[in-house]
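Peer 1: here is a sequence with its predicted model. Questions after.
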Amino acid sequence: MTKNCINVVVAGATGYVGLDLVFLLTKHPNIKIVNLCAQKNIGKQIASIDKRIKKKLPKISKINSVNWNNVDLLFLSLPNGEAQILVKKLYNKYQNLKFIDLSADFRLQNAKIYKNTYFKKHKAEKLIKKSIYSITELQKKKIKNYRIIANPGCYPTSIQIPLVPLLKKKIVELNNITIDSKSGYSGAGKNYKSKFKFKNFYLSTYAYAVKNHRHIAEIDQELKRISKNIFFTFNPHLIPSFRGILSSIYINKKSNISINKIVNTLKAYYKNNFFIKIHKPNTQIGTGNVIETNNCEISVCQTRLKNKIVIFSSIDNLIKGAAGQAIQNMNIMYNFKESSGLK
């Protein structure tokens, strides 16, 4: 049964992702925000932090002030390691409460890999199997069967949307895949200045975490569901832009497959998906069109090498890569119109 309106709590409401999430939720016709939770700015109006938010909302409070009997859905936009503790505390006690986690706490299905990746022991291991990793377009039929949605990372979203259909259809080679992704610095969170101390931050492009970026484990896990023989390298960069991701995916197509076949395969796979935009072959794209949208734009281009193609994929890291996709997952979960709050 579809509820006309659900009560929502946002934990971590004042981070970059949290603010976008709250702003989008205020535009949603089926949502009532009953609590906005954070560690700082307690008692303040969130409009004092984000001038885009015009709707009158509850003042910022701590999470322990929430009356969970009155909540349908909890969005968790928290640092890695914190969501799992809260979900473990609430999951069995409140049987009707659902969770959408925007951190990495439920993305990895193997607790050992989680520990090796995030250097923390998972504190809710038994709940991992009760969660679903959900890029909405790839999991629509399964989302309603779960109470815990693991919202994917921004880089993995931009990469999997174009790659998964082609790998499943076996029209591209599985090995020697090179992924070069460039992201606006908001992807590093509000404390990005403490993480990246290189000179001329706002004027430079910076390569980082080439061998051990946290999202590699997530990408590897999901691609290995298709084939154990998929091998890729992933190279992330920060660019002097606040938001947006452009992923360049270099891959070998099968020798008997044309570039038009690649494009038509993607168009057919996503024909009923409002937010996926497939361009004509060899179209040059950037992040300009997707900023502040939940769209993913894809262009397949021929390189100077006969069987080597490059697939460009652009998203807004804070929306399609985080808050927007979380709302899209929520819309499917509650039988709302998939684009509600996201147009």
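Peer 2: Looks like it arrived, so ask away.
Peer 1: the helices in the stretch 201-343 of the chain, which residues?
Peer 2: Along the stretch 201-343 of the chain, counting by DSSP state H, counting those that start in this stretch, helices occupy 215-224, 259-269, 324-333.
Peer 1: neighbours around the closest residue to residue 66 other than its chain neighbours, how many?
Peer 2: Spatial nearest neighbour of residue 66, chain neighbours left out: residue 35 (4.9 Å); criterion: C-beta to C-beta, 6 or more residues apart in numbering. Yep, even glycine has a C-beta here, placed from its N, CA and C like the rest. By the measure other C-beta atoms under 10 Å, the count of residues near residue 35 is 24.
Peer 1: so who does residue 275 touch?
Peer 2: Residue 275 makes contacts with 137, 293-296, 320, 328, 339, 342, as judged by C-beta atoms under 8 Å, 6 or more residues apart in numbering.
Peer 1: circling back to that earlier point, go through the helices of the stretch 201-343 of the chain and name the closest to residue 142.
Peer 2: Residue 142 sits nearest to helix 324-333 of all those, at 9.5 Å, using C-beta to C-beta.
Peer 1: before we move on, back to that, just send the helices of the stretch 201-343 of the chain back as a markdown table, with mean pLDDT too.
Peer 2: Below are these laid out as a markdown table (pLDDT from 0 to 100):
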| stretch | mean pLDDT |
| --- | --- |
| helix 215-224 | 96 |
| helix 259-269 | 97 |
| helix 324-333 | 98 |
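Peer 1: residue 20 is nearest to which of these?
Peer 2: Nearest to residue 20 among the helices of the stretch 201-343 of the chain is helix 324-333 (7.6 Å), distances taken as C-beta to C-beta.
Peer 1: can you spell out which helices and strands pack onto the closest one?
Peer 2: Here helix 324-333 touches helix 16-25, strand 73-76, strand 98-101, helix 136-139, strand 148-150, going by 3 or more C-beta pairs under 8 Å, 6 or more residues apart in numbering; DSSP states H and E.
Peer 1: just send the ones you listed back as JSON lines, with mean neighbour count, distance to residue 171 and mean pLDDT too.
Peer 2: Formatted as JSON lines, the helices and strands packed on helix 324-333 follow (neighbours: other C-beta atoms under 10 Å; distance: least, C-beta to C-beta, whole Å; pLDDT from 0 to 100):
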{"stretch": "helix 16-25", "mean neighbour count": "24", "distance to residue 171": "35", "mean pLDDT": "97"}
{"stretch": "strand 73-76", "mean neighbour count": "26", "distance to residue 171": "37", "mean pLDDT": "98"}
{"stretch": "strand 98-101", "mean neighbour count": "24", "distance to residue 171": "33", "mean pLDDT": "98"}
{"stretch": "helix 136-139", "mean neighbour count": "21", "distance to residue 171": "17", "mean pLDDT": "98"}
{"stretch": "strand 148-150", "mean neighbour count": "25", "distance to residue 171": "29", "mean pLDDT": "98"}
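Peer 1: how about the ones you listed, which one is nearest residue 276?
Peer 2: Closest to residue 276 of the helices and strands packed on helix 324-333, according to C-beta to C-beta: helix 136-139, at 6.3 Å.
Peer 1: who touches the closest one?
Peer 2: 132-133, 143, 160-161, 164, 270, 273, 275-276, 325, 328-329, 332, 338.
Peer 1: can you check stretch 14-25 too?
Peer 2: Residues contacting stretch 14-25 (C-beta under 8 Å, 6+ apart): 8, 10, 12-13, 31, 33, 36, 38, 40-41, 46, 49-50, 52-53, 57, 60, 75, 77, 102, 186, 189-190, 318-319, 322-324, 326-327, 341-342.
Peer 1: in the stretch 1-150 of the chain, which spans are helices?
Peer 2: Counting by DSSP H, counting those that start in this stretch, the helices of the stretch 1-150 of the chain are 16-25, 83-90, 111-118, 125-128, 136-139.
Peer 1: closest to residue 236 out of the ones you listed?
Peer 2: Closest approach to residue 236 among the helices of the stretch 1-150 of the chain (C-beta to C-beta): helix 111-118, 14.6 Å.
Peer 1: below-threshold pLDDT in the protein: ranges please.
Peer 2: Counting by pLDDT under 70, the ranges of the chain that qualify are 1-2, 188-198.
Peer 1: can you name the farthest residue from the center of it?
Peer 2: Centroid-distance maximum for the chain: residue 256 at 33.9 Å, with C-alpha atoms, centre = their mean.
Peer 1: please give me every residue in contact with that one.
Peer 2: For residue 256, no residue meets the contact criterion (C-beta under 8 Å, 6+ apart).
Peer 1: swap the cut-off to 10 Å and go again
Peer 2: 171, 307 (C-beta atoms under 10 Å, 6 or more residues apart in numbering).
Peer 1: on that earlier part again, same list (the helices and strands packed on helix 324-333) but as TSV, adding distance to residue 305.
Peer 2: Putting the helices and strands packed on helix 324-333 into TSV (distance: least, C-beta to C-beta, whole Å) gives the following:
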stretch	distance to residue 305
helix 16-25	38
strand 73-76	44
strand 98-101	41
helix 136-139	29
strand 148-150	37
